[in-house]
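Asker: A predicted structure for the sequence below; I have some questions about it.
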There are 2 protein chains.
Amino acid sequence: MKRKYISTIADTLRECGLKDGMTLSFHHHLRNGDHVVNMTMDAVAALGVKGITVACSSLFPVHEHLIGHIKSGVITGLDTDYMSGPLAKAITGGILPTPVMFRSHGGRPRAIGEGSLKIDIAVVAAPAVDAMGNITGTEGPSACGSLGYIIPDTQHAAKVIAVTDHVVEGGLSRISIPHDVVDHVVVVDKIGDPAGIVSGSISLTRDPVALAIARNAQSVIRASGLLQDGFCYQTGAGGASLAASLFLREDMRAMNIHGGFLLGGITKYMVEMLEEGLFDNVFDVQCFDLSSVKSIAQNPRHVEISADTYANPNRKSNCVDFLDAVLLGGTEIDLDFNVNVTTDSNGNIIGGSGGHNDAAAGAKLTIIVAPLVRARLPIVVEKCTTLTTVGSTVDVLVTERGIAVNPARKELADKLRDARLPVCGIEDLHDQAVRMTGKPRPYERGDKVVGTMEYRDGTIVDHIYATK
Amino acid sequence: MKRKYISTIADTLRECGLKDGMTLSFHHHLRNGDHVVNMTMDAVAALGVKGITVACSSLFPVHEHLIGHIKSGVITGLDTDYMSGPLAKAITGGILPTPVMFRSHGGRPRAIGEGSLKIDIAVVAAPAVDAMGNITGTEGPSACGSLGYIIPDTQHAAKVIAVTDHVVEGGLSRISIPHDVVDHVVVVDKIGDPAGIVSGSISLTRDPVALAIARNAQSVIRASGLLQDGFCYQTGAGGASLAASLFLREDMRAMNIHGGFLLGGITKYMVEMLEEGLFDNVFDVQCFDLSSVKSIAQNPRHVEISADTYANPNRKSNCVDFLDAVLLGGTEIDLDFNVNVTTDSNGNIIGGSGGHNDAAAGAKLTIIVAPLVRARLPIVVEKCTTLTTVGSTVDVLVTERGIAVNPARKELADKLRDARLPVCGIEDLHDQAVRMTGKPRPYERGDKVVGTMEYRDGTIVDHIYATK
């Protein structure tokens, strides 16, 4: 058996039959330290190929580099779950000939599995590869831990390329992607910049507003009655979310609760709870910091999962379905509890669902944590500028000034009132916010559609328009 | 999220829409201790359903129980890689209305992946299941280690049922099959009889013929020049094969060789070589004894692999392609080096390829180890009664009376002669054998086709006929 090594990305793409109009897929575990998307698209451009759709699970400021390839017609389509930075700004400005397809982290593997997102070549940014072509994310100079978001791509793409900067002569002890789905391995100098891949450590906020929100959020969880043995939890890496997990930890110790699993993007605060024995497992689709990268490499209870297992709604079940509670952020939440995390109130693309609408749909208790006002704009609005997460899947909005419960969850509102939490109507929070900021000038959108919002189940729920 | 528990197998089959003519798939990791195939087919019969095809990766003496379900028309088709015991005898006698489809361990996942073996319901004999429906083979009273052969089924079957006798309240630390492919979990008293699942310990042969063959086989490996750093190896659990791995171990120590991986069905002799550091990895598609079950649960370098990764020829690569050497048995080997491990010389079904023709096709050096004569019948024959493994993939036959090299491998024959090994023509071995046994009476086959021999790539290479 020949090893599957080819010397350059360009030669490998040629070997894979790259041609105009193909879809190339990538993943975002190297986050803002990723070199692989940019260097691959440079190779595509050098080969004179045009009209490529780049399907990448998320895009970061480092991918500003792609703007040139859009201008030259090398890239004519984007398919992603999240986008921030200069590329997002350019997209909002209308640079791309077709709308960006915005999916969720569960909707993406759904689309791949059902064939509506057909991948010609999947490119894995591979922190370590062995002689056979097995891939792990846990070793090497660009170690990033879980490779969960690219696993579905490797199972369905016509061709799979691993781009690595670290070839292990001995065997790997943790295999993220087995060699039997890998066509070729390319060795490059550097697949990423470690400084941008994971935070050395994520430190907790000292912002009193964020801490007040965090305390309220944990009070909601406690009052909900869900904090029992077997409790399963997801939270993001935002300031209030991280702080809330410390309060959760205190409660679990005090109440002698033994949890089930922690889910999602993983940080040291989750790793510590696992190591303390407060939870049975961490199910990890992405590591956010060095602690979690180290843990997934060493702790057998810290389990790498694919995006299919995490949140694909077409599977028999997915991890989000087993969540008791999830804490999520929002750039806007409206009077129907719909949430926007894709654009700001001026229509600028600043993110995307990621796992937002997946976790919201799955969890028994979905809590949105947000300050009432951000940058002199109200967060609670009449109607979201862009719909990311549907209000029927959102249970509670927690702000520093009050807690609003979805009217469909009356029994939950009663429990929170019984616990003497500051429950109010979401209209009250909206009024308070508008009193603080003044009524915001309505945003005037342009005519060109620059983004299509696909809900996790495949329904198109909104469109994003170019700014005027 | 509701847990996926249903109280009885019959109710679960009904929930899965069981109806006449469906294909139910099973696996053989519980070997001759398996209760699940029998109890599931009892439930099918109790529901009054008929015309089922049972696709089980291997069938053992314990599955004699299925004969009644064949007689009553509940089972009308079988699809397997190996079959022994009373059921095999009944099949040879012509009991089944359609020929058994015999595949290899790599051909089976190939057929499942390409859709030529379409599975309606896959039934996993699950040694341990957690609350979500994640499955592991490494815990519980019926622990069997790897569940590699059923993994492809769970990824492609319309419905997947886990039958277990051990529900873990806390999380699993090693997940063989993730919950997102599992529809339902059924809890029964016992999925198997530990005494039949794995050997407590497999002891080495003291048979001088087997030891002579083993010594010759290891001499062939040494003389081939393949025994270098990175050496990858597979062997079976037969007497000569196991003994040969001890001689390999001695050679590796003496020559200071550091190997790559050990592959296949795993025994304590392989585990010991892994633990001693002679190899980087064990890639395990099935555990044969308690030592290997313990090792796969604890040693991160002892890696569970699916049958796809092991040997599916439709994948981008598979483990057998990376083998340097494999030792395999044979009930017959003919003058063209074709090998039969499916029937005896009287046409009785006594086995099947399992991984035989996969490993032979993949390995750089394929060695068949066999005594010249067995039960007063020659092993070297003019033409195999049934073709399991094609001669072009076989390099050497090692017997206690001489070593025959495939004429297509002249350079290998030269190396063996240079090492003063007793190389001779395969015709010479045939003549010797016939001198010992007399010319065997030609076997007279009946007219009815009872088995179809599918080679790993999907080609039909032979048929098995009912005995007269």
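Answerer: Okay, I see it. Residues are numbered from 1 along each chain as shown, chains lettered A, B, ... in the order given.
Asker: Now do the contacts for the residue lying closest to residue A:231 once chain neighbours are set aside.
Answerer: Using C-beta to C-beta, 6 or more residues apart in numbering or on different chains and skipping the chain neighbours, the partner closest in space to residue A:231 is residue A:259 (4.3 Å). Bear in mind the C-beta positions are built from the backbone N, C-alpha and C, glycine included. Contact analysis of residue A:259 by C-beta atoms under 8 Å, 6 or more residues apart in numbering or on different chains lists A:229-233, A:252, A:273, A:278-280.
Asker: Quick check: phi and psi on residue A:259?
Answerer: Backbone torsions for residue A:259, taken as degrees, to the nearest 10, come to phi -90, psi 170.
Asker: who does it bridge with?
Answerer: In this entry, residue A:259 is beta-bridged to residue A:279, by DSSP bridges.
Asker: quick one: it from residue B:227, how far?
Answerer: Relative to residue B:227, residue A:259 is positioned 51 Å away (C-beta to C-beta, to the nearest Å).
Asker: follow-up on the earlier one: mind checking which of the contacts of residue A:259 land in helices?
Answerer: Mapping the contacts of residue A:259 onto helices (DSSP state H) picks out A:252, A:273.
Asker: Include pLDDT and neighbour count when you put the contacts of residue A:259 into TSV, please.
Answerer: Shown next, in TSV, are the contacts of residue A:259 (pLDDT from 0 to 100; neighbours: other C-beta atoms under 10 Å in any protein chain shown):
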residue	pLDDT	neighbour count
A:229	96	12
A:230	95	17
A:231	97	22
A:232	97	28
A:233	98	27
A:252	98	20
A:273	97	21
A:278	97	18
A:279	97	25
A:280	95	22
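Asker: Which one of the contacts of residue A:259 is nearest to chain B?
Answerer: Nearest to chain B, judged by C-beta to the nearest C-beta, of the contacts of residue A:259 is residue A:280 at 3.3 Å.
Asker: Wait, that closest one touches residue A:301, no?
Answerer: Yes - the pair residue A:280 / residue A:301 is scored as a contact, 6.6 Å apart, by C-beta atoms under 8 Å.
Asker: Could you tell me the model confidence score at the spatially most central residue of chain A?
Answerer: By C-alpha atoms, centre = their mean, chain A has its centre lying nearest to residue A:354, at 3.2 Å. pLDDT recorded at residue A:354 is 97.
Asker: thinking it is in contact with residue A:83, fair?
Answerer: No - with contact defined as C-beta under 8 Å, residue A:354 and residue A:83 do not form a contacting pair (10.4 Å).
Asker: Find residues that contact each of residue A:280 and residue A:301.
Answerer: residue B:171.
Asker: secondary structure class for the closest residue to residue A:228 other than its chain neighbours?
Answerer: Using C-beta to C-beta, 6+ apart and skipping the chain neighbours, the partner closest in space to residue A:228 is residue A:257 (6.6 Å). Secondary structure, DSSP: H, G, I helix; E, B strand; the rest coil: residue A:257 is coil.
Asker: ok, now which ones touch residue A:257?
Answerer: Contacts of residue A:257 (C-beta under 8 Å, 6+ apart): A:227-229, A:231, A:251, A:278.
Asker: Now the phi/psi pair for it, please.
Answerer: Torsion angles, degrees, to the nearest 10, at residue A:257: phi -100, psi 140.
Asker: Kindly provide the distance from it to chain B.
Answerer: 13 Å (C-beta to the nearest C-beta, to the nearest Å).
Asker: Please read off the pLDDT at that residue from the model.
Answerer: Listed pLDDT for residue A:257 reads 97.
Asker: Could you name every residue contacting both of residue A:354 and residue A:83?
Answerer: residue A:58.
Asker: show me where pLDDT drops low in the stretch 51-200 of chain A?
Answerer: Within the stretch 51-200 of chain A, the stretches with pLDDT under 70 are A:200.
Asker: ok, the residue of it found nearest chain B - how many residues close by?
Answerer: Residue nearest to chain B within the stretch 51-200 of chain A (C-beta to the nearest C-beta): residue A:171, separated by 3.3 Å. The local packing of residue A:171 (other C-beta atoms under 10 Å in any protein chain shown) involves 22 other residues.
Asker: quick one: contacts for it?
Answerer: Contacts of residue A:171 by C-beta under 8 Å, 6+ apart are A:130, A:134, B:260-261, B:280-281, B:301, B:303.
Asker: how does it look with 7 Å?
Answerer: A:130, B:260-261, B:280-281, B:301 (C-beta atoms under 7 Å, 6 or more residues apart in numbering or on different chains).
Asker: Keeping just the C-alphas, turn stretch A:110-117 into PDB.
Answerer: C-alpha atoms of stretch A:110-117 as PDB (Å, rounded to 0.1, in the frame of the first residue of the first chain):
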ATOM      1  CA  ARG A 110     -28.200  17.300   7.900                       C
ATOM      2  CA  ALA A 111     -27.700  18.900   4.500                       C
ATOM      3  CA  ILE A 112     -24.600  16.800   3.900                       C
ATOM      4  CA  GLY A 113     -26.200  13.600   4.900                       C
ATOM      5  CA  GLU A 114     -29.400  14.200   2.800                       C
ATOM      6  CA  GLY A 115     -27.300  15.400  -0.200                       C
ATOM      7  CA  SER A 116     -28.600  18.900  -0.400                       C
ATOM      8  CA  LEU A 117     -25.100  20.100   0.300                       C
END
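Asker: Give the buried residues for it.
Answerer: Neighbour-count burial for stretch A:110-117, with 16 or more other C-beta atoms under 10 Å in any protein chain shown as criterion, is recorded at A:110-113, A:117.
Asker: Just to be sure, which of those are found in helices?
Answerer: Those of these mapping onto helices are A:110-113, per DSSP H.
Asker: Spell out which parts of chain A neighbour chain B.
Answerer: A:1, A:132-133, A:160, A:170-171, A:173-175, A:178-183, A:260-261, A:280-281, A:300-301, A:303, A:305, A:308-309, A:312, A:315-318, A:321-322 (C-beta under 7 Å from any C-beta of the partner chain).
Asker: Of these, just the buried ones, PyMOL syntax please.
Answerer: Listed next is the PyMOL selection for buried residues among the residues of chain A next to chain B, using 16+ other C-beta under 10 Å:
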select buried, chain A and resi 1+132+133+160+171+173+174+175+178+179+180+181+182+183+260+261+280+281+300+301+303+305+308+309+312+315+316+317+318+321+322
